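>>> 3D model of this:
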Amino acid sequence: MVASAAAAMLPIAPGSVPLCALRALARGDTGIDLDPAAWSAVDACRDLLHRALAEGRTIYGVNTGFGKLAGTRIGEADLVALQRNLILSHCSGSGAELGDDVIRLVLALKVIGLGRGNSGVRRRVIEMLRDLLAHRVYPCVPAKGSVGASGDLTPLAHLSAILIGVGEATHRGRRLPAREALAVAGHTPIELGPKEGLALINGTQVSTALALAGLFGAEDAFAAALVAGALSLEAAKGSSVPFDARLSDVRGHRGQIDVAAAFRHLLEGSGLRAAHRNRTRVQDPYSLRCQPQVMGACLDAMRFAAHTLEIEANAVSDNPIMFAADGDVLSGGNFHAEPVAIGADLLAIALAEIGGLAERRIAFLVDPSVSGLPPFLVEASGLNSGFMVAQISAAALASENKSLAHPASVDSIPTAANQEDHVSMATFAARRLADIADNVHGIVAIELIAAVQALEFARPLATSPPLERAFGLIRARVTRYERDRRFAEDIAAVKQMIAAGAFAEFSSSILPSYVSGAR
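Numbering: from 1, shown residues only. Presented below is the predicted three-dimensional model:
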């Protein structure tokens, strides 16, 4: 099979790849081009490995067994077989396969980590991973089977097996045997040398990729929820006083300050503000009034997670780690994914709160006793049920997230005959973010549809220019509800907009992966 045309290449320098580049890799059809300066460190580390073996040093996973079998010395004649056996024995995953967006990130993160020049692999190993990504060849990797220490052994073994001609990969939707898939990327199977199999599977790249995908989904949900919250506030004739900068400044939380500022921008120039001045409600419910406090806390949690994940995406997380300048080979625990697990748990909690707050605003809008709007946001209610069951659907999603958001990092189960007696569960912590984010996208989609429907009852008065633009985006996909019709297609259409980042323009200046210097 002839090699395919390569994707556009994104230059990267291992150790300093920003979140915005990782978002582009996850969401776009692009490859990566390693900074040429990185190759000297890769070569120096490989030379150190050869010298250490020639000196007769005992190096874990290079001339010893693995885990509980580390005390078993492996002879020189079996060093290559040791690495192949490691890959094959660790291909023990199950469940649905990871999506292309995650696989793109995993391939990129492996190139970044190995490209730091501390892992002892040859250039060719890194080049193969790079070229799989560039030619859109995505190894088929079962999603389940990793406990997040020692690294993501099982999924990374499935990914790495392609390099030795084992397993399957997809290319433009076609499923190919490993050898054919490698040919698409311009390669043939490789025989792994000492340390190379271990370096490939002993890292946190799958957990980190899943968490990054979750972060990007959380940002999309957050951006859409800010717009939805502002639209709901306008439709409900809510007060803008809670967004006064002085209130946030005296408390001092950065997230709250930034969210309040975002709301002031969204509401600026609203033609509905004057109409709200004579309202009879003294204070709005918390779901409207406390948006800076709740969404601000969620933003702070997202920023913490983003900071952690950007560091981890650039990290060396295999074992042992080699330092060519010092001639040292150190065995440690950088493969333990606890930072990723805790970051993912924070994202799960933040997502659940974003969705929970949005569901409460939907409930407010459809209840005429508190909103003053037509029952369930439809004329001729009774004959028409309007948004009654759409709110129930949002409630179901919000409640499901309460279970999904339970922290995974507080769990641990001993493995490898108690040698690996504490594990992070980072892979699951990160993997379940996709389900939570999808649920939140559904909740916020319902709120966006409900809020623009509610604003119809205020016409001909207009809201602010930014919110009128958001109104138009939604109305381009979802028409006004005059009478009952199927909701599912409309919800799916707006969910698609959210997942595509259609609302990021309204708050991109405060979203971690849209701004540089998150670290």
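
>>> what about Tyr514, neighbour count?
By the measure other Cβ atoms under 10 Å, the count of residues near Tyr514 is 18. All C-beta atoms are positioned from the backbone trio N, CA, C, and that covers glycine.

>>> Make sure it is actually in contact with Leu22.
No - between Tyr514 and Leu22 there is no contact under Cβ atoms under 8 Å: 11.9 Å.

>>> For Ala337, see how far away the closest residue to Pro320 other than its chain neighbours is.
Distance criterion Cβ to Cβ, 6 or more residues apart in numbering; nearest residue to Pro320, sequence neighbours excluded, is Ser331 at 4.3 Å. According to Cβ to Cβ, to the nearest Å, Ser331 stands 17 Å off from Ala337.

>>> Tell me which of the two has more neighbours.
Shown here are Ser331 and Ala337; by other Cβ under 10 Å, Ala337 has more neighbours (34 against 11).

>>> what sits against that one?
Ala337 sits next to Gly148, Ala149, Gly151, Asp152, Thr204, Ser207, Thr208, Glu312, Ser317, Ser424, Ala426, Thr427 when contact means Cβ atoms under 8 Å, 6 or more residues apart in numbering.

>>> how about 6 Å then?
By Cβ atoms under 6 Å, 6 or more residues apart in numbering, the contact list for Ala337 reads Gly148, Thr204, Ser207, Ser424, Ala426.

>>> With adjacent residues omitted, what lies nearest to it?
Ala426 (3.5 Å).

>>> re earlier: which two of the contacts of Ala337 have the greatest separation?
Across the contacts of Ala337, the longest distance by Cβ to Cβ is 8.6 Å; it joins Thr204 and Ser424.

>>> neighbour-wise, which of those two wins?
The residue with more neighbours, out of Thr204 and Ser424, is Thr204; 34 against 27, by other Cβ under 10 Å.

>>> Need phi/psi at the closest residue to Asn314 other than its chain neighbours.
Excluding the flanking residues, the one nearest Asn314 by Cβ to Cβ, 6+ apart is Gly15, at 5.0 Å. Backbone torsions of Gly15, given as degrees, to the nearest 10, read phi 100, psi -10.

>>> And for Gly15, the neighbour number?
Gly15 - counted by other Cβ under 10 Å - has 17 other residues nearby.

>>> separation between it and Ile112?
From Gly15 to Ile112 the distance is 8 Å (Cβ to Cβ).

>>> so Val329 is in which element?
Assigning secondary structure by DSSP states H and E places Val329 in strand 328-330.

>>> what comes up buried for that strand?
Residues Val329 are the ones in strand 328-330 that count as buried (16 or more other Cβ atoms under 10 Å).

>>> Could I get the average pLDDT for the helix or strand that that strand is followed by?
Per DSSP H and E, the first helix or strand lying C-terminal to strand 328-330 is helix 338-366. What helix 338-366 shows for mean pLDDT is 97.

>>> Show me what helix 338-366 is packed up against.
Here helix 338-366 touches helix 205-235, helix 286-289, helix 291-313, helix 368-371, helix 388-404, helix 426-431, helix 433-456, going by 3 or more Cβ pairs under 6 Å, 6 or more residues apart in numbering; DSSP states H and E.

>>> how much does it deviate in direction from helix 205-235?
Per axes from the mean of the first three to the mean of the last three Cα atoms, to 10 degrees, the angle that helix 338-366 makes with helix 205-235 is 20 degrees.

>>> what angle do helix 338-366 and helix 388-404 make?
Taking the same axes, to 10 degrees, one finds that helix 338-366 is oriented at 160 degrees with respect to helix 388-404.

>>> How far off centre is helix 338-366?
Relative to its chain's centre, helix 338-366 lies at 14 Å (Cα atoms, centre = their mean, to the nearest Å).

>>> Could you tell me the angle between that helix and helix 291-313?
Taking the same axes, to 10 degrees, helix 338-366 and helix 291-313 form an angle of 150 degrees between their directions.

>>> rewinding a little: compare the helices and strands packed on helix 338-366 and give me the one nearest Arg486.
When those are compared by Cβ to Cβ, helix 388-404 sits nearest Arg486, at 10.8 Å.

>>> Give the buried residues for that closest one.
Across helix 388-404, burial judged by 16+ other Cβ under 10 Å covers Ala390, Gln391, Ser393, Ala394, Ala395, Leu397, Ala398, Asn401.

>>> What is it packed up against?
Contact here means 3+ Cβ pairs under 6 Å, 6+ apart; on that basis helix 388-404 packs against helix 338-366, helix 433-456.

>>> Compute the distance from the centre of it to the centre of its chain.
Relative to its chain's centre, helix 388-404 lies at 22 Å (Cα atoms, centre = their mean).

>>> cool, and stretch 144-163?
Centre-to-centre, stretch 144-163 and its host chain are 18 Å apart (Cα atoms, centre = their mean).

>>> quick one: terminal-to-terminal distance for that stretch?
Start and end residues of stretch 144-163 are separated by 21 Å (Cα to Cα, to the nearest Å).

>>> List of residues touching that stretch?
Contacts to stretch 144-163, defined as Cβ under 6 Å, 6+ apart, come from residues 87, 90-95, 128, 139, 141, 167, 169, 178, 190, 200-204, 206-207, 335-337, 420, 423-427.

>>> What residues does Tyr471 make contact with?
Just to correct that, residue 471 is Phe rather than Tyr. Contacts of Phe471 by Cβ under 6 Å, 6+ apart are Val452.

>>> Tell me how many other residues crowd the closest residue to Ala451 other than its chain neighbours.
Excluding the flanking residues, the one nearest Ala451 by Cβ to Cβ, 6+ apart is Leu231, at 3.6 Å. Neighbours of Leu231 under the rule other Cβ under 10 Å: 26.

>>> And the one 3 residues further on, by the same measure?
Under the neighbour criterion other Cβ under 10 Å, Glu234 is assigned a count of 28.

>>> begin at 44 from here
Fine by me, first position is 44 from now on; the one you just mentioned is Glu277.

>>> any idea which helix or strand comes after the helix or strand harbouring Ala95?
Assessed by DSSP H and E, Ala95 sits inside helix 81-97. Note on helix 81-97: by DSSP H and E, the next helix or strand toward the C-terminus is helix 122-133.

>>> tilt between that following helix and helix 81-97?
Orientation of helix 122-133 against helix 81-97 (the same axes, to 10 degrees) gives an angle of 110 degrees.

>>> Could you check how far helix 122-133 is from the centre of its chain?
31 Å.

>>> Only alpha carbons, please: show that helix as CSV.
Presented in CSV, the C-alpha positions along helix 122-133 are these (Å, rounded to 0.1, in the frame of the first residue of the first chain):
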residue,chain,number,x,y,z
LEU,A,122,16.6,-8.2,25.5
VAL,A,123,14.7,-7.7,22.2
ALA,A,124,12.3,-10.5,22.9
LEU,A,125,11.6,-9.0,26.4
GLN,A,126,10.3,-5.8,24.8
ARG,A,127,8.1,-7.6,22.3
ASN,A,128,6.7,-9.8,25.0
LEU,A,129,6.0,-6.8,27.1
ILE,A,130,3.8,-5.2,24.4
LEU,A,131,2.0,-8.4,23.6
SER,A,132,1.3,-9.4,27.2
HIS,A,133,-0.1,-6.0,28.0
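
>>> Please identify the buried residues of it?
Leu122, Leu125, Gln126, Arg127, Leu129, Ile130, His133.

>>> so who does the residue nearest the centre of the chain touch?
For the chain, Ala256 is the residue whose C-alpha lies nearest the centre (Cα atoms, centre = their mean; 2.0 Å). Contact analysis of Ala256 by Cβ under 6 Å, 6+ apart lists Ala69, Asp144, Val145.
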